[in-house]
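J.: Test case, fold it:
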Amino acid sequence: MRNTWLEINLDNIKYNLQRARELIGPKIKIAAVLKANAYGHGSVYTAKALIEEGIDMLAVACLSEAIELRREYTNIPILIMGFTEDEHLRIAAQKNITLTIFSLEQAKLLSDIGKEINKNIKIHIKVNTGMNRIGFRANKETINTIEEIHSFGNIIIEGIFSHLALKNADTDREQFEIFMEIVKKLESRGIFIELKHICDGIGMVYYPDYRLDMVRIGSFIYGGQTLKKEAEPLRLAMTFKTKISQVKEIEKGEGVGYDYDFVAPDKCIVGTLPVGYADGYMRCLTGKGEVIVRGKRASVIGKICMDQLMIDLTNIPEAKPGDEAILLGGYPGPSIPLAELAEKANTNKNEILSIISRRVPRIYTEDHKNVAQVDYLLD
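T.: The predicted model follows:
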């Protein structure tokens, strides 16, 4: 019902997962990170494609994201990597959702819940090795605390993990060594944890020795990660499209948009697109962004509005209302690379992907066919 949409290529998502599996081999597990609506791609159908391809685990940031997936997929392991409030632990336990724990008090509460509902609840212990977000500090007290948690009934410590800050190779090595020292001390006390993990997609590629029992990959799956120079690129799964709603000629000296941020230096042709910063095309791209129309680039002119933006079609005079405009992606033809858009917006590639709002319908393609469509506002 709206001429702005995302096309999500499920074949590319599967291809990228296959690349990860080829890289690490069959013994190391892979957790696919589907937080932020699968980085904007839509978590439910992205998960379906990954499950079909044999993914080991899904990972999200919060309970609501986990529940959205659990409604559709009853058996796949789901890990919440962030904090879950005490009052919601019971819900997670009842739905067989694995929780991240970094306090003795919450582990005890979870153990009591497990006894009440007669269930063993899986958890992953988070260790802070330098990021200073969440996690137990890496010290002797933490070893004692984890040992106490290990003794609780109705709790299974399935995993222990940390996260690399990715500042440089030296600090990443320091973090890894801190993490492994914790693991070593736990094992000296007879505590052997099945899944040890510290690598995201970048760590997986650049630090083979750090892959341990499992890796967590997000941007890698969606084709947003840059690989080593000699490697074949990953395949971007997302194409962001819209259609021209109006074309008009304006005279020299006429302004375009709020504040007349753009003033025509000569007679020119202006196209209007029904997409704006509320859809995820960032306002900071004003005067910087470009889109593809009829295989050619057109500059974004005037301030980007909440729901619309304008482009300069002077060099594409054949353009008309109804023509497609590509805002991101477009491979294998003329395209707007993700890295280019991120650089112009002075942000990282993950923000460009995940900021696309649920107002934008998702159309899923597989084997060059449309296989599903999600319109969050109407569905």
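J.: How is Val247 assigned, secondary-structure-wise?
T.: The three-state assignment at Val247 reads strand, by DSSP: H, G, I helix; E, B strand; the rest coil.
J.: same question, Arg173
T.: Under the three-state scheme (three-state DSSP), Arg173 adopts helix.
J.: Then the one 3 residues further on?
T.: Taken by three-state DSSP, the conformation at Phe176 corresponds to helix.
J.: Name every strand pairing with the helix or strand where Gly271 lies and say which way it goes.
T.: Per DSSP states H and E: Gly271 is located in strand 268-273. Using DSSP bridges, strand 268-273 pairs in its sheet with strand 246-250 (antiparallel), strand 309-312 (antiparallel).
J.: Report the contact partners of Asp307.
T.: When contacts are counted by CB atoms under 8 Å, 6 or more residues apart in numbering, Asp307 touches Pro274, Val275, Gly276, Ala278, Asp279. C-beta: built from backbone N, CA, C; applies to glycine.
J.: gap between the residue lying closest to the first one once chain neighbours are set aside and Val275?
T.: Of all residues not flanking Pro274 in the chain, Ser245 sits nearest, at 4.9 Å (CB to CB, 6 or more residues apart in numbering). Computed as CB to CB, to the nearest Å, the Ser245 to Val275 distance reads 10 Å.
J.: any residues in contact with both of these two?
T.: Common contact partners of Ser245 and Val275 (CB under 8 Å, 6+ apart): Gln308.
J.: between those two, who's got more neighbours?
T.: Val275 (28 against 15; other CB atoms under 10 Å).
J.: quick one: secondary structure of the more buried one?
T.: coil.
J.: helix or strand right after the strand holding Gly271?
T.: strand 290-293.
J.: Please name every helix or strand in contact with that next one.
T.: Here strand 290-293 touches strand 296-301, strand 324-328, going by 3 or more CB pairs under 8 Å, 6 or more residues apart in numbering; DSSP states H and E.
J.: Apply 10 Å and report the result again.
T.: For strand 290-293, the packing partners by 3 or more CB pairs under 10 Å, 6 or more residues apart in numbering; DSSP states H and E come out as strand 238-243, strand 268-273, strand 296-301, strand 309-312, strand 324-328, helix 338-345.
J.: hmm, back to that, could you save the contacts of Asp307 as a markdown table and add columns showing pLDDT and distance to Ile28?
T.: Below are the contacts of Asp307 laid out as a markdown table (pLDDT from 0 to 100; distance: CB to CB, whole Å):
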| residue | pLDDT | distance to Ile28 |
| --- | --- | --- |
| Pro274 | 98 | 45 |
| Val275 | 98 | 40 |
| Gly276 | 98 | 42 |
| Ala278 | 98 | 41 |
| Asp279 | 98 | 38 |
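J.: Quick check on the residues you listed: which are buried?
T.: Pro274, Val275, Gly276, Asp279 (16 or more other CB atoms under 10 Å).
J.: Give the burial count for Tyr45, as a bare number.
T.: Tyr45 - counted by other CB under 10 Å - has 21 other residues nearby.
J.: just Asp379 next, same as before
T.: If we define neighbours as other CB under 10 Å, then Asp379 has 7 of them.
J.: just Glu324 next, same as before
T.: 14.
J.: In contact with it, which residues?
T.: Glu324 makes contacts with Asn3, Lys241, Thr242, Lys243, Ile244, Val291, Ile292, Val293, Arg294, Gly330, as judged by CB atoms under 10 Å, 6 or more residues apart in numbering.
J.: between the residues you listed, which is nearest Ile198?
T.: Gly330 (35.3 Å; CB to CB).
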